[in-house]
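> Let's see this in three dimensions:
(2 chains)
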Amino acid sequence: MRFDLRGLAVSAVLLLLIAVAGAVSLSSGKFPIPPADVMRALLGGADENIRMVVTEWRLPRLLLACLLGGALGLSGAIFQSLTRNPLGSPDIIGFSAGSYTGALIVILLFSGGYYQTAGGALAGGIATAACVYLLAYRRGAQGFRLIVIGIGMSAMLGAFNAWMVRQADLPAAMSAAIWGAGSLNGLSFEQVFPVVAMLVFITPILGALSRPLRQLELGDDAARTSGINATRLRLMLMILGVALTALATAAAGPISFISLAAPQIARRVTRKAGVDLIPSALMGALLLAVADWVAQHAFGVQLPVGVMTVSIGGFYFLWLLIREARR
Amino acid sequence: MIADARGHAHADAAGNAVPTRPVKIRPTGHGGARRSRAWRLALLGLAAATLVFLCLASLLLGARHVALPTVVDALFSYDATSAEHIIIRDYRLPRTLLALLCGAAFGVSGALIQAATRNPLADPGILGVNAGAAFFVTLAVGMFGVHAIESYLWFALAGAISVTLLVYAAASQGRDGATPLRLVLSGVALSAVLGGIASSVMLLDPQTFDALRSWSIGSVAGRGMAVVRAVAPFIICGLVLALGMARPLDALALGDDLSRSLGADVIRTRFLVVIAVTLLSGAATAAAGPIGFVGLMVPHAVRWFSGPDQRRIIAYTLLCAPSLLLLADIVGRLVLFPSELEVGIVTAFIGAPVLILLARRTKARGL
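Residues are numbered from 1 along each chain as shown, chains lettered A, B, ... in the order given. Predicted coordinates:
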């Protein structure tokens, strides 16, 4: 494989930007802390109060933003590569709507806590994604069919979700709707560890499949000539992509558009023909960290981060359409 | 299905070349035409009869059973002291009329968009027109404290036209113009964005949230005559305009270049279609909320027996779409009896499987 200097440089710059965003996010808030103290607190020094604010309140949230953003970026990269379409993402194949349905059932019918909600979201999202895949399957699951069937399933589940929210009493409906927007509010280290464990499990498998993925981008026939079982590989990659989105959704609710925008922005910056996994993950981490900072501090009230990502992501989406077309 | 008549290869959003099939021009032999004319008249009669039957059923059925003679009395010799008369006059009559108007509006605007964009997957829901109307209404409720459904109207119209133009502009950039996939994706994208911003407006204020969470599902229940009177002129104008567009749209089905060479004014046709779609979708969304899929399903189903003539498609849609919405509304009243399911949920549960079937049946290149 050719040594990819530009990709490496881009990744380094992205890491640097994530560090800067992290430093800003750790030092700002109701109780501003100068960066030097943040540094000291992270290394175990500094005043006890400062250490508590930095490492126990702000750090887990930042870590989750980076990890989940990275997971979403990876997931988006996989789906865009599979559907060979810059607009493919697990959002579009109905995963988010399904996980919201699962979470709504848990929150509104069983008034479940954080972990039950996460479980419900996982079950709902995976069941929906499996349904969409099976419905789109006809001698292989083709990109376009996946997208349209995903739109249909999302619409149906969306109607059901709206009905559930309408049935519930106002406070429960509001909290369910906030979960549905995707939010990192009130998360602590307790929620970081399962995420890390899952990522440690998933990323090596993905690393092993990244070369065949590149070959699959050339088309099923071309991939087949180099000895790849296209249908099986696509299924495996799709499972990994869904697992990554499922992880993020279970932890923080359906945060939209990161998985869509991150791989494309990364692609523009690295000037690669295809979607690249590592820059996509880093871009996702950066985007979510910045979006979460804006959601926390820009409006006076703490908004769910999903509200930020949907607005930013959407304008990006339109720009993408216009640009793609102009070429 | 209307394919691109030019038969050139053109590209989808990923830039892959997609060959399109040339359109089949049906021979209009006299024997076939004569035989099918009686058949078509019979179908038209059947559609009209179904519509009348469903209107009656909509007046009769509901949480409280009202006998047919009482319904007739309530309509023609109204007695303000009778509870049953009040139910019919103030509740079921406006509901039925609204289902008629909104069904026709969503259905015909779907037929218009499908014809004007030559896109079988087009629908005011999928292309984001309803989402645009809903978005402006959400802003009106959240920011300006508008509360009566009658006053949603102008906001919904403004939202519908801005989003129609925006989606079309975003999708038609570049050489290939607005290909079906690009239109669908930009519509879905814009809907997602507007939906997200709308939901943040709703989350900031519990009152707005409460006011909009049932409207945003789509329902014709509990609206009152004032709402019917407010939206009826707009919808009727839109329908008249739509009927007038049928012939120019037939020319457009041949492709832009060919229809231009036949003397059709493509720009003017598209402009008038946008106006009609805005009037229809905007007014219907203001009254009933964003109801999807009626505009997708009905013109599709109608084309099975109407053939490609837009006049027939629009006429049949005008009869069948209100039937569908009435039927969905009646089903919604009965499934959870004595509680009710909103019509928007019923149409989504009927419509989404239709979309899925369409996607399974047709090859991507056919779209």
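
> Contact partners for the residue nearest to the spatial centre of chain B?
Among the residues of chain B, the one closest to the centroid is B:Phe106, at 1.7 Å (C-alpha atoms, centre = their mean). Contact partners of B:Phe106, counting by C-beta atoms under 8 Å, 6 or more residues apart in numbering or on different chains, are B:Pro124, B:Leu280, B:Ser281, B:Ala284, B:Ile291, B:Val294, B:Gly295, B:Ala321, B:Leu325. Bear in mind the C-beta positions are built from the backbone N, C-alpha and C, glycine included.

> Neighbour-wise, which one of the residues you listed leads?
The residue in those with the most neighbours, by other C-beta atoms under 10 Å in any protein chain shown, is B:Ser281 (38 neighbours).

> Follow the chain on from the strand or helix carrying that one and name the next helix or strand.
For B:Ser281, the enclosing helix or strand under DSSP states H and E is helix B:266-288. Past helix B:266-288, further along toward the C-terminus, the next helix or strand under DSSP H and E is helix B:294-306.

> Show residues contacting that following helix.
Helix B:294-306 is touched from outside by B:1, B:40, B:43, B:103, B:106-111, B:113-114, B:120-126, B:281, B:312-313, B:316-317, B:320-321, B:324-325, B:347, B:350-351, B:354-355, B:358, with contacts defined as C-beta under 8 Å, 6+ apart.

> check contacts around A:Leu68.
A:Leu184, A:Val195, A:Leu247, A:Ala248, A:Ala251, A:Ala252, A:Ile255, A:Leu288.

> Sitting in helices, which of those do you find?
Secondary structure defined by DSSP state H assigns A:Val195, A:Leu247, A:Ala248, A:Ala251, A:Ala252, A:Leu288 of the contacts of A:Leu68 to helices.

> The first one: how many residues sit nearby?
By the criterion of other C-beta under 10 Å, A:Val195 has 20 neighbours.

> ok, now how distant is it from B:Ala170?
According to C-beta to C-beta, to the nearest Å, A:Val195 and B:Ala170 sit 36 Å apart.

> can you check A:Val10 too?
Distance, A:Val10 to B:Ala170, by C-beta to C-beta: 28 Å.

> Looking at the two, which is more packed in?
More crowded of A:Val10 and B:Ala170, by other C-beta under 10 Å: B:Ala170, with 24 against 21.

> nearest spatial neighbour of that one, skipping sequence neighbours?
Spatial nearest neighbour of B:Ala170, chain neighbours left out: B:Ser186 (4.4 Å); criterion: C-beta to C-beta, 6 or more residues apart in numbering or on different chains.

> next one: B:Thr70
In this structure, B:Thr70 finds its nearest non-sequential neighbour in B:Glu84, 5.2 Å apart by C-beta to C-beta, 6+ apart.

> residues in the stretch 51-200 of chain B within reach of chain A, list them.
By C-beta under 8 Å from any C-beta of the partner chain, the residues of the stretch 51-200 of chain B that approach chain A are B:121, B:125-126, B:166, B:170-176, B:181-182, B:184-186, B:188-190, B:192-197, B:199-200.

> secondary structure element for the residue minimising distance to the centre of chain A?
Residue closest to the mean C-alpha point of chain A, counted by C-alpha atoms, centre = their mean, is A:Leu72 at 2.4 Å. Assigned by DSSP H and E, A:Leu72 belongs to helix A:59-83.

> next one: that helix to chain centre, how far?
Centroid separation for helix A:59-83 versus its chain: 4 Å, with C-alpha atoms, centre = their mean, to the nearest Å.

> and what of stretch B:64-75?
So, by C-alpha atoms, centre = their mean, the centroid of stretch B:64-75 is 30 Å from its chain's centroid.

> Contacts for that stretch next, please.
Looking at stretch B:64-75 with C-beta under 8 Å, 6+ apart, the contacting residues turn out to be B:Leu56, B:Leu59, B:Leu60, B:Asp79, B:Ser82, B:Glu84, B:His85, B:Ile87, B:Ile88, B:Arg89, B:Arg92, B:Leu93.

> now, which of those residues lie within helices?
Secondary structure defined by DSSP H assigns B:Leu56, B:Leu59, B:Leu60, B:Glu84, B:His85, B:Leu93 of those to helices.

> so where's chain B shaky on pLDDT?
Within chain B, the ranges that satisfy pLDDT under 70 run B:1-35, B:174-181, B:362-367.

> low-confidence ranges in the stretch 51-200 of chain A?
A:87-88, A:92, A:139-144.

> rerun that using 90 as the cut-off
Judged by pLDDT under 90, the stretch 51-200 of chain A has its weakly predicted residues at A:51-61, A:78-97, A:99-100, A:103, A:107-119, A:121-122, A:125-126, A:129-156, A:158-195, A:198.

> Count residues in the vicinity of B:Leu243, would you?
With neighbours defined by other C-beta under 10 Å, the count for B:Leu243 comes to 16.

> What segments of the stretch 51-200 of chain A are helices?
A:59-83, A:95-104, A:110, A:114-136, A:143-167, A:170-181, A:189-216 (DSSP state H, counting those that start in this stretch).

> Just the buried residues of the last one, please?
Using 16 or more other C-beta atoms under 10 Å in any protein chain shown as the test for burial, helix A:189-216 gives A:191-192, A:195, A:198-199, A:202-203, A:206, A:209-210, A:212-216.

> Okay then, goodbye and thanks.
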